[in-house]
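J.: Attaching a predicted model along with its sequence, questions to come.
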Amino acid sequence: MKNTRMVILALVVIGAFGYLLFMGMQEGSMYYLEVSEYLKKIDELGDRKVRVNGRVVKESLDFDSKNLVLRFLLMDIKSDDKLSVLYHGSPPDLLGQDGVTAVAEGHFDKSQRVFLANQLLVKCPSKYERKEKGI
Amino acid sequence: MIEAGGYFILLSLVLSVGIIIFLMSGLYRKDGRLIEVAYRASKGIFVLLTIASAMMVYFFVTDNFRVEYVASYSEKALPVFYKVTGLWAGQKGSLLFWVWLLSLFTVAVVRKDEKRPNTSYLPYVLLVLNSTILFFLILLNFVTPPFELNRVVPSDGNGLNPLLQNPGMVFHPPTLYLGYVGFTVPFAYAMAALITKDLGEWWIKRTRAWTLFSWVFLTLGIVFGGWWAYRELGWGGVWGWDPVENSSLMPWLTSTAFLHSVIIQERRGMLKVWNIVLILLTFSLCIFGTFITRSGVITSVHAFGQSSVGYVFLGFLFLIVLVGGYYLWSRYHILKEKNPRIESIISKESSFLYNNIILFGLAFATFWGTIFPLIVEAVKGIKISVGPPFFNKVNSPLFLLLLILMAICPLLAWRRTSWQSIKRNFLMPTLLMILSVPVLVFLGVDGIMPLFFFSFCLFVIFSLIKEFYIGTKAGVVHRGLSWSQAFWTLVSRNRRRYGGFLVHIGIVLVIVGLAGYGYFQYKESYTLKPGSIINVKGYTLKYVTLQNVRMKNYTAVRSIIEVSRPGGGYLDTLKPEKRFYRRNEPTTEVAIRSGLLEDLYLILNGWDGEGNITLTVVINPLITWTWIGTAVVVLGIIWCVYPVGRKSRELEILEKELIIAFREVTES
């Protein structure tokens, strides 16, 4: 009797926890894609939120400091595919450094033909180590 | 000269292998002298590694760029302060620092315990500690030698990443490592208990101070990390649920569970298996965290050097789980003997059990969110990313439940609690909590979750105050002490209990700070002309001018912002700036005016030729309480373990009690 009660209690707890995890995943997980992968799936994904990883094209950086609008091209690491990104905010530190890769989180805006990013994560060539390895 | 460093590390490796041989043969032949040699050799390793670490620091301070590691993480113009921190700025140095700490802890353990009367367990403890040391020494000798030379000696070093040039660099990595490394000690004792089949409470009692020590440093390491991110990274936050952050939180959660569940084993002899599992898990998660940070297998903003070392850690992790799992399985029947059952679902024991379930749930959810991308990639071949919304959604309610338990637990009795005592103990705190809700709403707390968080924080505080009050009153009424005497006797006689309560108060303050900033942060960007004025949330900000500044190893563009009250009362002048280090890439240096109620946090985003700037204004309510709360946590832990003067004070109290008893006898 006491055991069945414990089992039911445990099942309820695990069930509630599982439900919480499931709901969390619905809200918090998204695709993480390379630029070329994203461009292939762009129609399929519609306006779903994704993260796109690519190299920041340094020459394309254009920051409008009055309206705090940043535009740049995100290029695929391996190919020449490019994605045009628009970000409301100022550029994160180290964005314009050589060889910087960035992850843009957001969705594709069909009317403007641009990727609207709500978050930019810069991955700097870590701790300046990369150059050393070339020697 | 430099090569000597490598030789010291090689020699340590030889000693470490020797220790294992001597311990094994000493245990096999039951020869105490061989084991004695192993004890001595462990001190030798510490001496050698101390010299090697000191050499590395010396090479940093003297700009010896022949050492490849020094050249990669330092430069001539770097302030000496940061040159010293170079020891842990990169992977090779961190591993050296790690193993040095471990050898120091090993010496501390051996020195303290070898004088005890019965030390049959000690060879096994040393065996486990030394095997861990050996693992790191293999890495340092064959995978990432820290004293590797540059073939071409550069005229200047590469410099330290500007983001690391912050006082946080002095506090965050060492405290975190002290925590990570410290947990090796309770792990080693637990393994020794398993191997020797002596599975009583001794290993828990003997490692209690180590567990608390490691826990408090892990806590400090995590908080310093948040403090650093807050001041340096310039996004206005302290925690982002990044994989690297999560990997320090997971062992914190399991070790917090361990701290609580060992109390049950000490008091009631329950949860023996669970305690072993928790300490194995905590140590494994420390190694797992190192794997995550060093392998770069999960995308993280903390871009550590990606290298194969991470996978060596993964192998080590498998070894730990395999060996630990085997011994746990083969000793399971012994652990299961004489295990009393929990009698009531409303008792102190069961509330500790719920606390453990929730902490474990938190650790599991964090683990799940961290590694889910890996699983999906392995199974389906697509990459996904799990962001902060997942962790906030899942972990916030769990933290809230934990907070509720923290309020309830001290009011419950051991074994079972009668409804009457529940009514008696809960009435006041519950009433006060309910009364606080309208006050909180009036103060501007809107939304269900923040209301829950703040009101239960108050509940915990009320119930703890009640605990202190009842205990003190008992001393006053029953023993005729004055209030201050009674209070002092209470807290100093039962240090673990009241130190623990102080830790709880600290944790509540940390939660107050996190809830304040998490739910009520204000953030807005403005474009300003020189001389222009804006009013933001009770502040008047005047942008005065823009300056160019030249410092030793960077130049900066600095904005001068005058802060005053809307009425005109001057408060402060804040100077958010952008710095340009050698590579000419700007890094943000925020300016913060901290207060008990809120922080005003200014970020200079950019400027143009006419001196117009874009400024982001962030207001973080209550965040300061997170830092204050952490200090209270540290005080609480110190109160729990601080040994000096304890004996004499206890004698003093005993004396007083004898006098009282004497009086009572003579009077009657």
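T.: Yep, that arrived.

J.: ok, whichever residue of chain A sits closest to chain B - contacts?
T.: Of all residues in chain A, the one sitting closest to chain B is A:Gly28 (2.4 Å; Cβ to the nearest Cβ). Every residue, glycine included, has its C-beta placed from N, CA and C. Taking Cβ atoms under 8 Å, 6 or more residues apart in numbering or on different chains, we find A:Gly28 in contact with B:Gly369, B:Val386, B:Gly387, B:Pro388, B:Pro389, B:Phe390, B:Phe391, B:Asn392, B:Lys393.

J.: Tell me the confidence at the fifth one?
T.: Residue-level confidence at B:Pro389 comes out at 88, pLDDT.

J.: Give me the nearest residue to it, chain neighbours excluded.
T.: Using Cβ to Cβ, 6 or more residues apart in numbering or on different chains and skipping the chain neighbours, the partner closest in space to B:Pro389 is A:Gly28 (4.0 Å).

J.: Could you do the fourth one as well?
T.: If you skip the residues right next to it in sequence, B:Pro388 has B:Trp241 as its closest partner in space, 4.5 Å away by Cβ to Cβ, 6+ apart.

J.: could you point out the longest strand in chain B?
T.: Taking DSSP state E as the criterion, chain B has its longest strand at strand B:539-550.

J.: so how far is it from its chain's centroid?
T.: From the chain centre to the centre of strand B:539-550 is a distance of 37 Å (Cα atoms, centre = their mean, to the nearest Å).

J.: For it, give me every contacting residue.
T.: By Cβ under 8 Å, 6+ apart, strand B:539-550 touches B:528-535, B:555-566, B:568, B:571, B:577, B:600, B:602, B:607, B:611, B:613, B:615, B:617.

J.: Within reach of chain A, which of these are there?
T.: B:Trp607 (Cβ under 8 Å from any Cβ of the partner chain).

J.: Low-confidence stretches in chain A?
T.: Applying pLDDT under 70 to chain A flags the ranges A:1-2, A:124-135.

J.: List the contacts of the most centrally placed residue in it.
T.: Relative to the mean C-alpha position of chain A, the nearest C-alpha, by Cα atoms, centre = their mean, is the one of A:Arg51, at 2.4 Å. By Cβ under 8 Å, 6+ apart, A:Arg51 lies in contact with A:Met30, A:Tyr31, A:Tyr32, A:Leu33, A:Val103, A:Ala104, A:Glu105, B:Ser385.

J.: ok so it is a helix residue?
T.: No: per DSSP: H, G, I helix; E, B strand; the rest coil, A:Arg51 lies outside any helix segment and is strand.

J.: Okay, and the beta partners of it?
T.: A:Tyr32, A:Glu105 (DSSP bridges).

J.: secondary structure class for the residue of the stretch 551-668 of chain B found nearest chain A?
T.: Closest approach of the stretch 551-668 of chain B to chain A (Cβ to the nearest Cβ) occurs at B:Asn605, with a separation of 3.4 Å. Here B:Asn605 takes the strand state, with states given by three-state DSSP.

J.: Now B:Glu114: closest residue in space that isn't a chain neighbour?
T.: B:Tyr39 (5.8 Å).

J.: contacting residues around the closest residue to B:Leu178 other than its chain neighbours?
T.: Sequence neighbours aside, B:Phe217 is the residue nearest to B:Leu178 in space, at 3.9 Å (criterion: Cβ to Cβ, 6+ apart). B:Phe217 sits next to B:Thr175, B:Leu176, B:Leu178, B:Gly179, B:Gly182 when contact means Cβ under 8 Å, 6+ apart.

J.: can you check B:Leu126 too?
T.: Contact criterion Cβ under 8 Å, 6+ apart gives B:Ile19, B:Leu23, B:Ala38, B:Tyr39, B:Ser42, B:Thr106, B:Val109, B:Val110, B:Ala188 as the residues in contact with B:Leu126.

J.: Out of these, which comes closest to chain A?
T.: B:Thr106 (29.9 Å).

J.: Output the contacting helices and strands for the helix or strand harbouring that closest one.
T.: Using DSSP states H and E, B:Thr106 sits within helix B:91-113. In terms of contacts (3 or more Cβ pairs under 8 Å, 6 or more residues apart in numbering or on different chains; DSSP states H and E), helix B:91-113 is packed against helix B:32-61, helix B:68-73, helix B:122-138, helix B:168-182, helix B:184-196.

J.: Distance to B:Val379 for those helices - can I get that in CSV?
T.: As requested, those are exported to CSV (distance: least, Cβ to Cβ, whole Å):
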stretch, distance to B:Val379
helix B:32-61, 43
helix B:68-73, 38
helix B:122-138, 31
helix B:168-182, 31
helix B:184-196, 32
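
J.: would you list every one of the strands in chain A?
T.: With DSSP E as the criterion, chain A has strands at A:29-34, A:50-56, A:62-64, A:69-75, A:82-88, A:101-109, A:114-123.

J.: per-residue confidence at the closest residue to B:Leu458 other than its chain neighbours?
T.: Spatial nearest neighbour of B:Leu458, excluding adjacent residues (Cβ to Cβ, 6+ apart): B:Ser436 at 4.9 Å. If you check B:Ser436, the pLDDT there is 90.

J.: what's the answer for B:Asn584, then?
T.: Looking at B:Asn584, its pLDDT stands at 59.

J.: can I assume B:Ile461 is in contact with B:Ile505?
T.: Yes: between B:Ile461 and B:Ile505 there is a contact under Cβ atoms under 8 Å: 6.8 Å.

J.: Overlap of the contact sets of those two?
T.: Common contacts of B:Ile461 and B:Ile505 (Cβ under 8 Å, 6+ apart): none found.

J.: what about A:Leu94, how many neighbours?
T.: Residues near A:Leu94, counting by other Cβ atoms under 10 Å in any protein chain shown, number 21.

J.: In chain B, mark out all the strands, start to finish.
T.: Counting by DSSP E, the strands of chain B are B:384-386, B:522-528, B:533-536, B:539-550, B:555-564, B:570-574, B:577-580, B:586-589, B:591-593, B:598-607, B:613-621.

J.: how about those in a markdown table, adding mean neighbour count?
T.: Shown next, in a markdown table, are these (neighbours: other Cβ atoms under 10 Å in any protein chain shown):
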| stretch | mean neighbour count |
| --- | --- |
| strand B:384-386 | 22 |
| strand B:522-528 | 16 |
| strand B:533-536 | 13 |
| strand B:539-550 | 15 |
| strand B:555-564 | 18 |
| strand B:570-574 | 14 |
| strand B:577-580 | 20 |
| strand B:586-589 | 22 |
| strand B:591-593 | 18 |
| strand B:598-607 | 22 |
| strand B:613-621 | 22 |
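
J.: between those, which gets nearest to B:Leu490?
T.: Of all the strands of chain B, strand B:613-621 sits nearest to B:Leu490, with 34.7 Å by Cβ to Cβ.

J.: model confidence over that closest one, on average?
T.: On average, the pLDDT along strand B:613-621 is 92.

J.: What are the contacting residues of that strand?
T.: A:65-66, A:68, A:90, B:236, B:516-517, B:520-528, B:534, B:536-537, B:541, B:543, B:546, B:559, B:561, B:576, B:597-607.

J.: which residues sit in contact with A:Met75?
T.: By Cβ under 8 Å, 6+ apart, the contact list for A:Met75 reads A:Val35, A:Gly54, A:Arg55, A:Val56, A:Val57, A:Asp81, A:Lys82, A:Leu83.

J.: got it, and B:Leu600?
T.: With the criterion set at Cβ under 8 Å, 6+ apart, B:Leu600 makes contact with B:Tyr539, B:Val563, B:Leu574, B:Ile592, B:Arg593, B:Val617, B:Val618, B:Ile619.

J.: Next, the buried residues of the lengthiest helix in chain A.
T.: Looking across chain A with DSSP state H, the single longest helix is helix A:2-28. For helix A:2-28, a neighbour-count test (16 or more other Cβ atoms under 10 Å in any protein chain shown) marks A:Phe17, A:Leu20, A:Leu21, A:Gly24, A:Met25, A:Gly28 as buried.
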